[in-house]
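> no sequence on this one, just coordinates:
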């Protein structure tokens with residue numbers, strides 16, 4: 001492994017690191033905006049430092065490398081790298097601190113630029129799902145982007161040809177080197193330290209707290225909790241010692257100097273108030289420890305008090321667990337530490353409530369040894385299994401998966417040359433097949449699904465295409481057969497397939513496909529959930545079909561593209577509420593329909609429950625077999641066009657040489673993407689041009705013949 005240093009001039013380094021990173025970003029990301037002091041010169045230094053890092057990365061980058069950006073100091077690095085390297089490079093980002101709620105994040109003057117920069121990576125990793133929820137809220141409220149299952153399509157920067165790329169979120173709780181602490185604590189050096197500390201203190205119980213000097217770590221709260229314990233439980237006086245280790249940090253920052261003075265004052269007050277000539281309740285160490293000293297304290301402490309007011313993970317808690325795994329000992333852990341999500345067997349307390357912390361200490365000091373061992377073993381197994389190596393491997397594996405998906409589902413715009421190639425292939429083919437979705441593909445979406453009727457121009461286009469020799473046109477839609485038949489049933493030669501292929505139109509009647517035959521019992525589970533969710537949102541529509549049901553929430557969003565502009569449209573917070581209801585409904589539907597022969601599918605601003613056998617991909621394969629029976633040969637030109645996830649089923653089973661187009665800039669298995677229905681209709685119109693040119697030529701020949709006859 002090679003190391004490539006980035007040398008920052010001292011003045012720039014101070015403004016960048018001590019200034020913007022530690023004076024602005026650190027407190028704000030820990031939800032302590034009262035400590036922030038954003039200054040323009042510090043922000044300029046932050047941007048300059050990120051640019052210098054980007055230049056060094058570009059200098060050493062080779063195609064195929066994975067770029068892994070670490071932490072809040074380099075928040076603007078992804079944006080710089082995309083500008084310099086484009087979207088061929090694979091970039092991951094991991095945030096080692098909490099991500100704040102949107103209302104706190106918005107206090108940062110340049111918050112949108114930072115959000116946009118993070119959105120340029122392939123994978124953004126956080127310690128916990130709580131931080132992902134905060135980031136997702138920022139995406140929705142500040143950029144109108146709502147991830148589905150942690151994945152979203154976001155706009156690109158620079159000269160990207162695609163205009164969008166795939167963005168993935170992931171929770172990766174960071175681990176430790178388990179063996180270092182588990183095996184190390186049992187070594188002779190640390191065991192000697194543990195024995196010396198116990199002998200020197202001469203008490204029954206040792207409570208340990210180890211922390212870097214920082215206002216987020218709750219050191220004064222820990223001291224106040226010890227004072228509260230000794231006041232409320234005087235029986236512990238003389239029997240308990242609190243070993244407080246504070247490692248100096250950022251001593252040039254004013255807030256840290258103030259914190260140091262406060263800690264010194266509290267230690268003196270507590271020792272003076274409840275101490276005796278033979279016993280001091282607080283042993284205070286203000287320096288970095290050697291490895292043997294730290295491991296020895298872990299090995300000798302009966303209780304470890306980890307009390308941050310806000311912490312991305314807190315590895316001290318995991319280190320103590322590793323050192324005590326298989327032994328007794330109790331971890332008292334703040335619920336506001338990221339590690340609390342994993343270490344559920346710890347005695348968890350709220351650091352903002354002295355009653356909670358003192359109560360937790362009482363529980364820890366009185367816990368039965370057998371219960372201590374059971375809890376420690378459970379946490380130890382978890383910490384051992386997901387150690388720092390597993391953490392790094394999981395992040396790298398996830399970003400490799402996303403990079404692979406980026407290539408597989410890359411967005412490729414249908415440019416002029418690609419459209420020409422499709423039109424040329426259509427013209428020279430002997431047997432043609434066009435498989436077209438309806439909503440969002442041939443016709444634009446409407447807030448009320450019943451209002452998405454075809455216009456006269458579309459009917460003419462479909463009619464003329466269906467009348468062309470050796471050309472089969474199929475509209476394969478999720479629509480119910482009533483609407484589809486009423487709108488398109490009179491187009492001669494046009495084939496229709498409703499409810500994703502459950503029903504097919506034969507120009508005389510609708511025929512039910514056997515694969516769609518399922519008991520309607522699933523509706524008893526799904527429809528009440530949909531209707532209760534619609535009642536919560538008021539403007540949602542529940543559409544019941546024969547073999548499917550759809551929960552439409554497009555109208556609730558006030559249209560995804562114009563919610564902010566239309567009078568009466570819901571504000572961003574309303575949008576978040578809509579999406580919260582939708583997520584809850586999806587989960588409830590999946591639970592209710594588990595084991596039933598139906599699928600829950602995400603559509604365009606809709607949730608659909610449909611018969612498992614009613615798949616567009618399965619229908620397409622049946623259609624191909626029928627065409628072979630009817631025509632004696634498979635079509636040598638196939639074009640499939642659609643706009644949502646149900647159409648991906650068709651794209652996946654297309655024969656070799658087929659053409660496919662996805663409407664919208666989402667990643668897709670389709671070969672090309674177009675912006676909207678108007679682009680699809682323009683392509684279809686080009687298929688008709690030779691016919692129109694031939695008709696015009698025939699008309700001109702007839703006119704010439706009539707003219708010559710008159711002249712004679």
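Done, it's in. Predicted model only: the values in this text are computed from it and were never measured.
> state the distance from residue 557 to residue 185.
Noted for residue 557: a distance of 55 Å to residue 185, by Cβ to Cβ, to the nearest Å. (Each C-beta comes from the backbone N, C-alpha and C, glycine too.)
> pLDDT below threshold where in the stretch 151-300 of the chain?
158-163 (pLDDT under 70).
> where do the strands sit along it?
Taking DSSP state E, counting those that start in this stretch as the criterion, the stretch 151-300 of the chain carries its strands at 151-155, 164-171, 205-212, 240-247, 282-286.
> quick check: mean pLDDT across stretch 45-57?
Mean per-residue pLDDT for stretch 45-57: 98.
> for this structure, give me the ranges with low pLDDT.
1, 158-163, 408-411, 514-518, 558-576, 665, 691-709, 711-712.
> now with 50?
559-573 (pLDDT under 50).
> between residue 557 and residue 185, which one's more packed in?
residue 185 (27 against 23; other Cβ atoms under 10 Å).
> what's the closest non-adjacent residue to that one?
Using Cβ to Cβ, 6 or more residues apart in numbering and skipping residues adjacent in sequence, the residue nearest residue 185 is residue 323, 3.8 Å away.
> what's near enough to touch residue 610?
Listed by Cβ atoms under 8 Å, 6 or more residues apart in numbering, the contact set of residue 610 reads 478, 499-500, 502, 547-549, 598-599, 601.
> nearest to residue 72 among those residues?
residue 601 (38.0 Å; Cβ to Cβ).
> for the closest one, what are phi and psi?
phi -130, psi 140 (degrees, to the nearest 10).
> measure the residue lying closest to it once chain neighbours are set aside to residue 614 for me?
The spatial neighbour of residue 601 that comes closest, neighbours along the chain excluded (Cβ to Cβ, 6+ apart), is residue 608 at 4.7 Å. According to Cβ to Cβ, residue 608 stands 10 Å off from residue 614.
> what ranges do the helices span in the stretch 101-250 of the chain?
In the stretch 101-250 of the chain, the helices defined using DSSP state H, counting those that start in this stretch lie at 102-105, 111-118, 129-143, 178-185, 188-201, 219-232.
> how about those helices, which one is nearest residue 445?
Here helix 129-143 is closest among the helices of the stretch 101-250 of the chain (Cβ to Cβ), at 19.8 Å.
> name the helices or strands packed onto that closest one?
helix 102-105, helix 111-118, strand 123-126, strand 164-171, helix 572-592 (3 or more Cβ pairs under 8 Å, 6 or more residues apart in numbering; DSSP states H and E).
> now do the fourth one: distance to the chain's middle.
Computed by Cα atoms, centre = their mean, to the nearest Å, the chain-centroid distance of strand 164-171 equals 6 Å.
> give me the angle between that strand and strand 151-155.
140 degrees (axes from the mean of the first three to the mean of the last three Cα atoms, to 10 degrees).
> direction included, what does strand 164-171 pair up with?
strand 123-126 (parallel), strand 151-155 (antiparallel) (DSSP bridges).
> ok so, going back, contacting residues for the residue nearest to residue 185?
Contacts of residue 323 (Cβ under 8 Å, 6+ apart): 181-182, 184-185, 295, 298-299.
> of these, keep whichever come out buried.
Buried subset of these (neighbour count, 16 or more other Cβ atoms under 10 Å): 181-182, 184-185, 295, 298-299.
> could you export the contacts of residue 323 as TSV, including distance to residue 233?
Output for the contacts of residue 323, formatted as TSV (distance: Cβ to Cβ, whole Å):
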residue	distance to residue 233
181	31
182	32
184	34
185	29
295	30
298	25
299	26
